[in-house]
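S.K.: Next comes the sequence, and after it the predicted model I'd like to discuss.
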Amino acid sequence: MSSKLILCSYFRSSCSWRVRAVLLFKEIDYETKAINLVLDGGQQNSEEYKAINPNGTVPALIVDGQCLNESLAIIEYLEEVYPSPSVFPKDPIKRAQTRAIAQMIVSGIQPLQNLRVLQKVGDEKKGEWAVFWMTHGFKGVEKMLEKTSGKYCVGDEVTFADFSLVPQVYNAHRFGVDMSQFPNVVRINDELSKLPIFQESHPSKQPDCPADLR
Amino acid sequence: MSSKLVLCSYFRSSCSWRVRAVLLFKEIDYETKAINLVLDGGQQNSEEYKAINPNGTVPALIVDGQCLNESLAIIEYLEEVYPSPSVFPKDPIKRAQTRAIAQMIVSGIQPLQNLRVLQKVGDEKKGEWAVFWMTHGFKGVEKMLEKTSGKYCVGDEVTFADFSLVPQVYNAHRFGVDMSQFPNVVRINDELSKLPIFQESHPSKQPDCPADLR
């Protein structure tokens, strides 16, 4: 690589958090370009940011002038270019399972509670909406984990799915979801949260985290 | 493989269609187990189906008694176990781009217009809701395609993203989205739709397609 990776990130974006955690897991050096999704009408909408990332979303990873978007696509890229340590088990079925759990979160939960969707749903209903969809989604994840989990989502090593689980549980707590109905999710999240990679990538540790939220 | 793959599929499920098309692309023999998402309170909710796939979703791929879920996880599994022909370009950046486009559809559009979400939104608002989110999502996809596309989504070969594009455009037409604002999406969809793999995997050609929709 001819220059350091740049991660366009918002401290509280769960999608950005997934990628931050993988970068730490793989010990890849990177620099943060903070993009505030709320201030200034949403900095992701600025001409300056859209010149870097026309899609105006975070996270985005800038690699030698190329801008990569979508957290799971970025993580798969990092796995291919920095294969060790790996975020995947060796067995193809277990690889499919860890990808499935990640997709259930990344497609089945987060898109239904992200900022722009809640803005569309409106202030009056957004709380109930977010809790409903997170509860629905975590029910499916919990079922998967009953089958696949060991210490972590799939077996006893940290894999692809774990990087999506922690940020989503954080969001669930923010919205007051009753997580006691998902014992495997809670157990695994507690284990993962002990790891430095999840502590250091936590929103409260990010350079753009406001002082009152540290 | 000791026995034929079984794909649990609904004729009109765009998620199922993605996997059907990849199975045809890779010339993998499979059998369809049709799951009707609407009849009988949704056959995916039956005890019989939940015994196979506790998550009660389609598609699901049954491989030697193991049930794999989530369309993109299934496709990545098929790529690993049946690597040729490949659904990915060789270059890591292009691989990231084709995965990103697929994710933009699979996380950014489809979850916001799937059956259960529209049921929650309610009959009065679901039409406008579906059109809004498909329009929003395709704007992002169109921007990506301006950069990445050749004959297809990424360059001139069929790749991972193309399998998500065709079913999503079909859904857009069903809901009356004005697709003329997305010229690259339309152009690429037209090209892909000429290919036998997309014609044979089309909802109207599925064993569970009702006679009046063939």
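M.R.: The structure has been received and is ready for your questions.

S.K.: Ignoring the adjacent residues along the chain, who's closest to residue A:184?
M.R.: Distances taken as CB to CB, 6 or more residues apart in numbering or on different chains place residue A:145 nearest to residue A:184, at 3.9 Å, with adjacent residues excluded. Where C-beta positions appear, they are placed from N, C-alpha and C, glycine not excepted.

S.K.: and that neighbour, what does it touch?
M.R.: Residue A:145 sits next to A:101, A:153, A:184, A:185, A:188 when contact means CB atoms under 8 Å, 6 or more residues apart in numbering or on different chains.

S.K.: Return the distance of residue A:31 relative to residue A:42.
M.R.: 22 Å (CB to CB, to the nearest Å).

S.K.: Between these two, which is the more surrounded one?
M.R.: Per other CB atoms under 10 Å in any protein chain shown, whichever of residue A:31 and residue A:42 has more neighbours is residue A:42, with 16 against 11.

S.K.: ok, that one - contacts?
M.R.: Going by CB under 8 Å, 6+ apart, residue A:42 touches residue A:36.

S.K.: Would you mind measuring from it to residue A:87?
M.R.: Applying CB to CB, the value for residue A:42 to residue A:87 is 30 Å.

S.K.: Over to residue A:41?
M.R.: Distance, residue A:41 to residue A:87, by CB to CB: 35 Å.

S.K.: So those two - more neighbours on which side?
M.R.: Each of residue A:41 and residue A:87 has its neighbours counted (other CB under 10 Å); residue A:87 has more, 24 against 8.

S.K.: Touching the helix or strand where residue A:19 lies from outside, list them.
M.R.: Assigned by DSSP states H and E, residue A:19 belongs to helix A:14-25. With CB under 8 Å, 6+ apart as the test, helix A:14-25 has contacts from A:5, A:7-10, A:30, A:57-59, A:61, A:71-72, A:74-75, A:78, A:85, A:87, A:106, A:110, A:158, A:163-164, A:166-168, A:170-171, A:196-198, A:200-203, A:206.

S.K.: just stretch A:207-214 next, same as before
M.R.: Residues outside stretch A:207-214 that contact it (CB under 8 Å, 6+ apart) are A:9, A:10, A:11, A:12, A:32, A:34, A:36, A:203, A:204, A:205.

S.K.: Could you give me the ChimeraX selection string for whichever of the residues you listed are buried?
M.R.: Buried subset of those, written as a ChimeraX selection, criterion 16 or more other CB atoms under 10 Å in any protein chain shown:
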select /A:9,10,11,12,32,34,203
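
S.K.: Widest-spaced pair of the contacts of stretch A:207-214?
M.R.: Largest separation among these by CB to CB: A:36 and A:205, giving 16.6 Å.

S.K.: in the lengthiest helix in chain A, what counts as buried?
M.R.: Across chain A, the longest stretch assigned as helix under DSSP state H is helix A:123-148. By neighbour count, with 16+ other CB under 10 Å as the criterion, the buried positions of helix A:123-148 are A:126, A:129-131, A:133-135, A:137-138, A:140-145, A:148.

S.K.: so where do the helices sit in chain A?
M.R.: Using DSSP H, the helices of chain A run over residues A:14-25, A:47-52, A:71-81, A:92-106, A:110-113, A:115-121, A:123-148, A:162-174, A:183-193, A:196-200.

S.K.: Where among those is average confidence lowest?
M.R.: Least confident of these, judged by mean pLDDT, is helix A:47-52 with a mean of 89.

S.K.: for stretch A:129-139, the distance to its chain's centre please.
M.R.: Stretch A:129-139 sits 17 Å away from the centroid of its parent chain (CA atoms, centre = their mean, to the nearest Å).

S.K.: Do that stretch and chain B come into contact?
M.R.: Yes. Using CB under 8 Å from any CB of the partner chain, stretch A:129-139 comes into contact with chain B via A:129, A:132, A:136.

S.K.: CA atoms of that stretch as CSV?
M.R.: Provided in CSV are the C-alpha atoms of stretch A:129-139 (Å, rounded to 0.1, in the frame of the first residue of the first chain):
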residue,chain,number,x,y,z
TRP,A,129,-40.8,1.3,15.2
ALA,A,130,-37.1,0.9,16.1
VAL,A,131,-37.8,-1.4,19.1
PHE,A,132,-40.2,-3.5,17.0
TRP,A,133,-37.7,-4.2,14.2
MET,A,134,-34.7,-4.7,16.5
THR,A,135,-36.7,-7.2,18.6
HIS,A,136,-37.9,-9.0,15.4
GLY,A,137,-34.4,-9.1,14.0
PHE,A,138,-32.7,-10.2,17.2
LYS,A,139,-35.2,-13.1,17.5
